[in-house]
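>>> how would this look folded up:
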Amino acid sequence: MDDWEMWEMRDEVRLSPRERLALLRIEADLRRDRRFARRMGAGPREVWLPAAVLLLTVASVFVAVMGIRTSDPALLWCFALLWPLTLFQAFRLLCRASCTRPRTGVRTTRGTQPWL
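Sure, this is the predicted structure:
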């Protein structure tokens, strides 16, 4: 269904072709505005957060294993600094995945968002 058909079906409101064209132009401008789309929750899906969580988890596990094997205090301190950051990013990812706000173009079930 295109934009013209959508306007024909709405609440029996009749707009002139000039008004319809003006409204379509405004909607097109709003779709191009990234800041507005981000505030409305319809921005592009980003994979940076899942990638960051994955890399931080791998780095944390590696540093923890190497720190335990070598008993090097520097590696243990690196783990102590990396682990809270990893948990914080994983919590952000979990919150984003459980957000019930619908995004345009993404079909989900039960109000959850895909992680990737």
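
>>> List the buried residues for stretch 26-40?
Ala37 (16 or more other C-beta atoms under 10 Å). For every residue, glycine as well, the C-beta is placed using N, CA and C.

>>> Endpoints of it, how far apart?
16 Å (C-alpha to C-alpha, to the nearest Å).

>>> Okay, now the unreliable bits of the chain?
Residue ranges of the chain with pLDDT under 70: 1-12, 41-45, 100-116.

>>> Recalculate using a threshold of 90.
1-17, 19-20, 26-49, 93, 95-116 (pLDDT under 90).

>>> chain center to the longest helix anywhere in the chain: distance?
In terms of residue count, the longest helix belonging to the chain (DSSP state H) is helix 73-97. Averaged C-alpha coordinates place helix 73-97 at 19 Å from its chain's average position (C-alpha atoms, centre = their mean, to the nearest Å).

>>> For the remainder of this discussion, apply numbering that starts at 19.
Okay, using 19 as the starting number, the last item reads as helix 91-115.

>>> Which strands and helices lie in contact with it?
helix 66-88 (3 or more C-beta pairs under 8 Å, 6 or more residues apart in numbering; DSSP states H and E).

>>> residues making contact with the helix it packs on?
Here helix 66-88 makes contact (C-beta atoms under 8 Å, 6 or more residues apart in numbering) with 90, 93-94, 96-97, 100-101, 103-104, 107-108, 110-111, 114, 133-134.

>>> follow-up on the earlier one: buried set for the longest helix of the chain?
Leu93, Leu94, Cys96, Phe97, Leu100, Trp101, Thr104, Gln107, Ala108, Leu111.

>>> ok, now stretch 83-90?
Neighbour-count burial for stretch 83-90 [16+ other C-beta under 10 Å]: Gly85.

>>> chain center to that stretch: distance?
36 Å.

>>> related to what we said a few turns ago, as CSV, the buried residues of helix 91-115 with distance to Arg43 would be great.
Formatted as CSV, the buried residues of helix 91-115 follow (distance: C-beta to C-beta, whole Å):
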residue, distance to Arg43
Leu93, 59
Leu94, 60
Cys96, 54
Phe97, 55
Leu100, 49
Trp101, 51
Thr104, 46
Gln107, 40
Ala108, 43
Leu111, 37
